[in-house]
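*Asks:* build the 3D model from these lines:
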Amino acid sequence: MRPQRLTESVFDSLAAASGEDLISVFLPTHKKGRDVAQDKIRLKNQLSAIDDTLAGLGWKPRRRSQRLSAAHDLLDDLEFWEHQNGGLAVYIDDAGEVVPVATTRPVHSEPVVMAVFMLRPIAGDLNGFDLPVLALTKGQVSLFKVNETGAEEISAEFPSYDDVNWFVDREKERQQHPDMAGTDRGRHGHDPSDRDDEDLARFLREVDSAVGVFNGGVPLVVLGDWNVVARFANVSEREILTPSQGGVRTPFSPDEIERKAEPLLADLARERIAQAELAARDRLGVGMAVVDLEDAVPAAVTGRVEQVLFDHTAAPMWGRFDETTLQVEVHSSHHPGDVELVDRLVVWARGNGAEVVATDSISGGRPFIASVRY
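*Replies:* As a prediction, this is how the structure comes out:
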């Protein structure tokens, strides 16, 4: 078995699940190396803790063993541990069926048993976006989309440098470019550097045309030969970013492109979260955001929440919500039948079209800020 990647559809499927005692387990993981053995031990310990929790709920040993059997099988699944990333969530339904989800970030949370799956610790992966990256040299042109799971080449028909410039009539070009003094030398010879500049500009204009248009307002990252990249920035009207270590040579690979683009991807992700927090705080200041569960949860259920900025690492906030009366009951600890209310806030708000933005801290130590439409 391989763990799934968190996508919109996977999140929605898990969010729609309900049962008697659904199990959610979280742990940080490693892609390779000796630490993988420690990851297996962490999962084993988490499952042991869940076994104790189920015993406390009155479950008999045989029933507990049946419920956790498929999860225990993961411990000996070599293929499973070869496909990890930064973190792992293991979801176990009432039938014992397992849905493992690999996350790009380490996840730290106590294992949870409640009537729904707990999704808040992994929801940060929904913040991800595709960063377009153009790898550009005179000898090779490729377009990639880079995100937290890696780099993938995008199919595009790029011209080659030679194909763009083969038709240029050099003899006519020499005759039409006399030097400023009008000498015979100017009539019978063309400065090679000028010709090369014109050829390169012609090539780069064709490349720019072939790149296409991207949605989401993201800039185009350009990697490659420094002279070619600099000239491309002059030719194109796009917003272009190039990391300080953005030089690549032909041939280049997706792994190299991912390594070069990763710092910019991280910077842009942090910038987006910072902008979301600034906007949420501004809305809070004018009464268009709420920070109390008693206000936020009913607003999320009734579709009044526009955005939820939430701390995916914050301590759980347990309680209950009556969807008929819209009453919220917050508890100081986990009582039988409780749900984690910030988790439900995120799920309900997103289900009603709100944007959900995960961060690992919010000013003032708040677990969330919910911006409302009215």
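*Asks:* only C-alpha atoms from now on, for both contacts and neighbour counts.
*Replies:* Will do.
*Asks:* how much space between P254 and E262?
*Replies:* Separation of P254 from E262 (C-alpha to C-alpha, to the nearest Å): 12 Å.
*Asks:* same question but for V146, I mixed them up
*Replies:* Separation of V146 from E262 (C-alpha to C-alpha): 8 Å.
*Asks:* by contact count, what packs against the strand or helix carrying R344?
*Replies:* In this structure, R344 sits in helix 341-351 according to DSSP states H and E. For helix 341-351, the packing partners by 3 or more C-alpha pairs under 8 Å, 6 or more residues apart in numbering; DSSP states H and E come out as helix 293-301, strand 305-311, strand 318-322, strand 355-359.
*Asks:* okay, the ones you listed in JSON lines with distance to E20, mean pLDDT and mean neighbour count next?
*Replies:* As requested, these are exported to JSON lines (distance: least, C-alpha to C-alpha, whole Å; pLDDT from 0 to 100; neighbours: other C-alpha atoms under 10 Å):
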{"stretch": "helix 293-301", "distance to E20": "22", "mean pLDDT": "97", "mean neighbour count": "22"}
{"stretch": "strand 305-311", "distance to E20": "27", "mean pLDDT": "97", "mean neighbour count": "25"}
{"stretch": "strand 318-322", "distance to E20": "15", "mean pLDDT": "96", "mean neighbour count": "17"}
{"stretch": "strand 355-359", "distance to E20": "27", "mean pLDDT": "95", "mean neighbour count": "21"}
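*Asks:* show me what contacts R231?
*Replies:* 201, 204 (C-alpha atoms under 8 Å, 6 or more residues apart in numbering).
*Asks:* recalculate using a threshold of 10 Å.
*Replies:* Counting by C-alpha atoms under 10 Å, 6 or more residues apart in numbering, R231 makes contact with 197, 200-201, 204.
*Asks:* how's the chain carved up into domains?
*Replies:* Recorded structural domains for the chain (assignment: automatic domain parsing) are 1-118, 131-268, 287-374.
*Asks:* so which residues of the stretch 101-250 of the chain form helices?
*Replies:* 161-165, 170-175, 184-188, 192-211, 226-235 (DSSP state H, counting those that start in this stretch).
*Asks:* P316 is nearest to which of these?
*Replies:* Closest to P316 of the helices of the stretch 101-250 of the chain is helix 192-211 (C-alpha to C-alpha; 45.6 Å).
*Asks:* in the closest one, what counts as buried?
*Replies:* Of the residues in helix 192-211, 199-201, 203-204, 206-208, 211 count as buried by neighbour count, 16 or more other C-alpha atoms under 10 Å.
*Asks:* got it, and stretch 324-342?
*Replies:* Buried residues in stretch 324-342 (16+ other C-alpha under 10 Å): 328, 330, 334, 338-342.
*Asks:* for these, work out which two are farthest apart.
*Replies:* Greatest spacing in these, by C-alpha to C-alpha: V328 and H334 (14.7 Å).
*Asks:* residues contacting V228?
*Replies:* 136-138, 200-201, 204, 222.
*Asks:* just the closest of those residues to V291, please.
*Replies:* For those, the minimum distance to V291 (C-alpha to C-alpha) is 41.1 Å, reached by V222.
*Asks:* for the closest residue to that closest one other than its chain neighbours, name its beta-bridge partners.
*Replies:* Nearest non-adjacent residue to V222, counting by C-alpha to C-alpha, 6 or more residues apart in numbering: L134, 4.7 Å away. L134 has these beta-bridge partners by DSSP bridges: L143, V222.
*Asks:* around L134, how many other residues sit close by?
*Replies:* Neighbourhood size, L134 [other C-alpha atoms under 10 Å]: 25.
*Asks:* same question, E79
*Replies:* There are 12 residues near E79, going by other C-alpha under 10 Å.
*Asks:* and it, what does it touch?
*Replies:* By C-alpha under 10 Å, 6+ apart, E79 lies in contact with 1-3.
*Asks:* so where is the stretch 151-300 of the chain shaky, pLDDT-wise?
*Replies:* In the predicted model of the stretch 151-300 of the chain, residues 167-193, 215-216 satisfy pLDDT under 70.
*Asks:* as CSV, the helices and strands packed on helix 341-351 with distance to G56 would be great.
*Replies:* Output for these, formatted as CSV (distance: least, C-alpha to C-alpha, whole Å):
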stretch, distance to G56
helix 293-301, 29
strand 305-311, 30
strand 318-322, 18
strand 355-359, 33
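*Asks:* and the closest residue to V328 other than its chain neighbours, how far from A71?
*Replies:* Distance criterion C-alpha to C-alpha, 6+ apart; nearest residue to V328, sequence neighbours excluded, is F321 at 4.6 Å. Using C-alpha to C-alpha, one gets 30 Å for the distance from F321 to A71.
*Asks:* so how far is K138 from N234?
*Replies:* Distance from N234 to K138, by C-alpha to C-alpha: 16 Å.
*Asks:* ugh, wrong one, I meant T359
*Replies:* 41 Å.
*Asks:* about what we covered before: turn the contacts of V228 into JSON lines, including distance to F26.
*Replies:* Converted to JSON lines, the contacts of V228 look like this (distance: C-alpha to C-alpha, whole Å):
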{"residue": "L136", "distance to F26": "41"}
{"residue": "T137", "distance to F26": "44"}
{"residue": "K138", "distance to F26": "47"}
{"residue": "L200", "distance to F26": "52"}
{"residue": "A201", "distance to F26": "52"}
{"residue": "L204", "distance to F26": "48"}
{"residue": "V222", "distance to F26": "37"}
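*Asks:* and which of those residues is nearest W59?
*Replies:* Nearest to W59 among the contacts of V228 is V222, at 57.9 Å by C-alpha to C-alpha.
*Asks:* what about that closest one, how many neighbours?
*Replies:* 25.
*Asks:* tell me the contacts of it?
*Replies:* Shown here is V222, whose contacts under the criterion C-alpha under 10 Å, 6+ apart are 132-136, 143, 228-230, 232-233, 240-243, 246-247, 261.
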